[in-house]
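J.: model the following, please.
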Amino acid sequence: MYQLEEKIYFYYFIVVAMLFLAYFLFSLWRKRKQKLFSNPNLLERLSPESSPFKSFFKTLMVALALSFLIIALVNPKMGTKLKTIKKDGVDVVFALDVSKSMLAEDIGPNRLEKAKQITSKIIDKLGGDRVGIIIYAGNAYPLLPITTDHAAAKMFLQSANPDMVSSQGTAINEALKLAKSYYDDDDQTNRYLFIISDGEDHQENVSYIANEATKEGIKIYTVGVGTTKGSPIPIKHKGQLIGYKKDREGEVVVTQLNDKTLQKIATDGNGKYINGNSTTKAVDYINDVLLKADKKEFETKQFADFKDQFQWFIALGILFLLLDALMFNKKTKWIQKLNLFNEQKEK
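T.: From the prediction side, this is the model:
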């Protein structure tokens, strides 16, 4: 496991890239000027020892040296021990609706991206709480099991999309069933499930399953994204709009936020319904709920004793600088003698 202490220094790579590009453009300009001055054969006679490859190679050495020195400034750290530590927190599972209706753009950039924004910002505010992610449409699938690795949770969250599920629909009941088996700590009494959806095309028996979940200590909160006015579902190819989803009669489908269904699920689940169209208000409300929750102590394993590794990159940077300093622009004699390209010497 590793950590990057000062990520801001990665911006210096832009400077290195600009310097390398400047050298390339200068080389092209120099070659054009040389052609105006004389022909290639005469230039070869005037500077027989000059090596264009060596000049490029020396520039590459400097670029590599600067790159390693930049990484040294970032200061990568490696975890040397895997320790069992104790934390206080609750178990939080997000059930994210990834059905096609979530692609509607009645809230920007679209419902699904809004749902991801809310989830990501909540994860940022979690302390020692554990987090898991479920995605669902016509079926429900585990995207990330319960974990304390919040960075991994955000990474998996960004990958969620409608293509990850095999059938369409909004099977909230399937997400509830999966969530019941998702909490792996039998002693954890504070379990929170946040369903983020537009509530469309829900299946029956949701209330019954929600009631059953509350008996296992799961509090269900629903977050609605979308508008009651609704919006068509765009069909895109490589980011370009090519049309809108239509029904069997050829009419454009308009998908609407079904907040009544989400309110009923939250009530049956001993939770609350939250309007998610305002990211800040939704995140603040959920954060307040989790802060007030009774925390339970649990054990988890994580890397500790992170040690600095910048010295290795400084050494590599100095090595490449030395190689550049010790290397001349002249052609290497022993390589010339090998005559790798069967060049004929003039008599």
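
J.: who touches residue 59 in this structure?
T.: For residue 59, the contact set (C-beta atoms under 8 Å, 6 or more residues apart in numbering) comprises 20, 23. To be clear about C-beta, it is placed using only N, CA and C from the backbone, and glycine gets the same treatment.

J.: in which helix or strand does it reside?
T.: Following DSSP states H and E, one finds residue 59 within helix 52-74.

J.: what distance separates that helix from the middle of the whole chain?
T.: 29 Å (C-alpha atoms, centre = their mean, to the nearest Å).

J.: in the sheet, who's paired with the closest residue in space to residue 101 that isn't next to it in sequence?
T.: Nearest in space to residue 101, with sequence neighbours left out and distances taken as C-beta to C-beta, 6 or more residues apart in numbering, is residue 255 at 4.1 Å. Beta bridges link residue 255 to residue 231 when assigned by DSSP bridges.

J.: where along the stretch 151-300 of the chain do the helices fall?
T.: 172-180, 206-215, 259-268, 279-292 (DSSP state H, counting those that start in this stretch).

J.: and residue 112, which of the ones you listed is closest to it?
T.: helix 279-292 (13.5 Å; C-beta to C-beta).

J.: who's in contact with that closest one?
T.: 90, 92, 114, 117-118, 121-122, 125-126, 129, 192, 194, 221, 223, 272, 274-276.

J.: quick one, which of those residues are buried?
T.: 90, 92, 114, 117-118, 121-122, 126, 129, 192, 194, 221, 223, 272, 274, 276 (16 or more other C-beta atoms under 10 Å).

J.: of all those, which two lie farthest apart?
T.: So, these by C-beta to C-beta: farthest apart are 90 and 114, at 24.4 Å.

J.: circling back: mean confidence score for the helix holding residue 59?
T.: In this model, helix 52-74 carries a mean pLDDT of 86.

J.: contacting residues around residue 313?
T.: So, once contact is read as C-beta under 8 Å, 6+ apart, residue 313 ends up touching 68, 69, 71, 72, 76.

J.: now the terminal residues of stretch 228-238, how far apart.
T.: 29 Å (C-alpha to C-alpha, to the nearest Å).

J.: show me what that stretch is in contact with.
T.: Applying C-beta under 8 Å, 6+ apart, the set of residues contacting stretch 228-238 is 100-101, 103-106, 241-245, 252-257, 259.

J.: filter those residues down to the buried ones, PyMOL style.
T.: Buried subset of the contacts of stretch 228-238, written as a PyMOL selection, criterion 16+ other C-beta under 10 Å:
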select buried, resi 100+101+103+104+105+106+245+254+255+256+257+259
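
J.: how about the strands in the stretch 51-200 of the chain?
T.: Ranges of strands within the stretch 51-200 of the chain are 76-89, 91-97, 130-136, 140-147, 191-197, based on DSSP state E, counting those that start in this stretch.

J.: by mean pLDDT, show me the worst of those strands.
T.: strand 76-89 (a mean of 70).

J.: give the buried residues for stretch 145-161.
T.: 146, 148, 150, 153, 154, 156, 157, 160.

J.: what's the closest non-adjacent residue to residue 318?
T.: residue 65 (7.5 Å).

J.: oh, I was asking about residue 140
T.: Residue 140 sits nearest to residue 174 (C-beta to C-beta, 6+ apart), 3.9 Å away.

J.: mind naming the longest helix for the chain?
T.: Under DSSP state H, the helix in the chain containing the largest number of residues is helix 12-37.

J.: run the chain-centre distance for that one.
T.: So, by C-alpha atoms, centre = their mean, the centroid of helix 12-37 is 35 Å from its chain's centroid.

J.: from now on call the first residue 56
T.: In the new numbering, first residue 56, that becomes helix 67-92.

J.: tell me the helices and strands packed up against that helix.
T.: Counting contacts by 3 or more C-beta pairs under 8 Å, 6 or more residues apart in numbering; DSSP states H and E, helix 67-92 is packed against helix 107-129.

J.: now the helix it packs on against helix 67-92, angle please.
T.: Angle of helix 107-129 versus helix 67-92, following axes from the mean of the first three to the mean of the last three C-alpha atoms, to 10 degrees, is 170 degrees.

J.: tell me the buried residues in helix 107-129?
T.: Quick answer for helix 107-129 (16+ other C-beta under 10 Å): 109, 113-114, 116-127, 129.

J.: equivalent analysis for stretch 340-349, please.
T.: Those would be 340, 341, 344, 345, 348, for stretch 340-349 by 16+ other C-beta under 10 Å.

J.: if we can go back for a sec, pLDDT check: weakest of the buried residues of stretch 200-216?
T.: residue 203 (84).

J.: contacting residues around the closest residue to residue 369 other than its chain neighbours?
T.: Excluding the flanking residues, the one nearest residue 369 by C-beta to C-beta, 6+ apart is residue 127, at 4.6 Å. By C-beta under 8 Å, 6+ apart, the contact set of residue 127 is 365, 366, 368, 369, 372.

J.: gap between residue 127 and residue 172?
T.: 35 Å (C-beta to C-beta, to the nearest Å).

J.: what does residue 118 give?
T.: Taking C-beta to C-beta, one finds residue 118 at 38 Å from residue 172.

J.: check residue 330 too.
T.: 14 Å.

J.: which residue is nearest the centroid of this structure?
T.: residue 210 (4.1 Å; C-alpha atoms, centre = their mean).

J.: quick revisit: pipe the contacts of residue 127 into JSON lines and attach secondary structure and distance to residue 85 per row.
T.: What follows is these, written out as JSON lines (DSSP: H, G, I helix; E, B strand; the rest coil; distance: C-beta to C-beta, whole Å):
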{"residue": "365", "secondary structure": "helix", "distance to residue 85": "37"}
{"residue": "366", "secondary structure": "helix", "distance to residue 85": "38"}
{"residue": "368", "secondary structure": "helix", "distance to residue 85": "33"}
{"residue": "369", "secondary structure": "helix", "distance to residue 85": "33"}
{"residue": "372", "secondary structure": "helix", "distance to residue 85": "28"}
